[in-house]
Structure formats: C-alpha cells, structure tokens
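Asker: 3D model of this:
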Amino acid sequence: MRSTTLVILIAALATPLATAARPSRFDGAWSVTLSGPAHDAEDDDAKGSTHRFTAEVIEGQLRGAHRSEGEPGWHFLHGRIRKDG
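Answerer: Purely as a prediction, here's the structure:
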C-alpha cells in the first residue's frame, strides 16, 4: 500500500510540470511595431512615434524589448499569448 501511495504522489506532482512547458503555435521570432498617435492639441512637443523591434515567443510567453532599460524610449513587452492569438 505504501508504494502505491508513493507512485500516485509522484504522478500528481509530475503532471503540472509536464503541462506547463508546452510549445505553442505562436512560438518563434516575431517583428513588433508599436505606434503611438500624435497628440491632437496645439502642443508641438507631442509628436507621434513608431518603434520597431523583435520579440520572441517561447512556450506561449512573449518577451521583447526596444532599446536598453533606462534609455529614453525603452519599452519591454511580456506576457502569455492566448490560444486564439
């Protein structure tokens, strides 16, 4: 009886690990375009911008950065991609 309990416990602990690390159909390198519209007031300083950079999806998780942390215009995107994209 004791060995049966141990086998069930090991199987229960191993199941979440096996399902957590699954590749998704979106895995791979992606090209990201992040656009912000110009401010519509009379303020000339608020011009629109477009930033292009690469991101990577691994096991359904997106990670991508534009420039280095702390630099002006730095962006960091991360998050889980849903099954429907």
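Asker: For the protein, which segments count as helices?
Answerer: Listed in chain order, the helices of the chain (DSSP state H) span 2-20.
Asker: quick one: the strands in it?
Answerer: 28-36, 49-58, 61-66, 75-80 (DSSP state E).
Asker: Please point out which parts of the second one sit buried.
Answerer: What it means is strand 49-58. For strand 49-58, a neighbour-count test (16 or more other Cβ atoms under 10 Å) marks 55, 57 as buried. Any C-beta I mention is one placed from the backbone N, CA and C, and that applies to glycine too.
Asker: swap in the third one?
Answerer: Of all the residues in strand 61-66, those buried under the rule 16+ other Cβ under 10 Å are 62, 64, 66.
Asker: I'd like the strands of the chain as a markdown table, with distance to Arg22 and mean pLDDT appended.
Answerer: Output for the strands of the chain, formatted as a markdown table (distance: least, Cβ to Cβ, whole Å; pLDDT from 0 to 100):
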| stretch | distance to Arg22 | mean pLDDT |
| --- | --- | --- |
| strand 28-36 | 15 | 93 |
| strand 49-58 | 11 | 94 |
| strand 61-66 | 11 | 96 |
| strand 75-80 | 12 | 94 |
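Asker: quick revisit: just name the closest of the buried residues of strand 61-66 to Leu77, please.
Answerer: For these, the minimum distance to Leu77 (Cβ to Cβ) is 4.9 Å, reached by Gly64.
Asker: and the closest residue to Gly48 other than its chain neighbours, how many neighbours?
Answerer: Leaving out its chain neighbours, the residue that sits closest to Gly48 by Cβ to Cβ, 6 or more residues apart in numbering is Ala38, at 3.8 Å. By the measure other Cβ atoms under 10 Å, the count of residues near Ala38 is 11.
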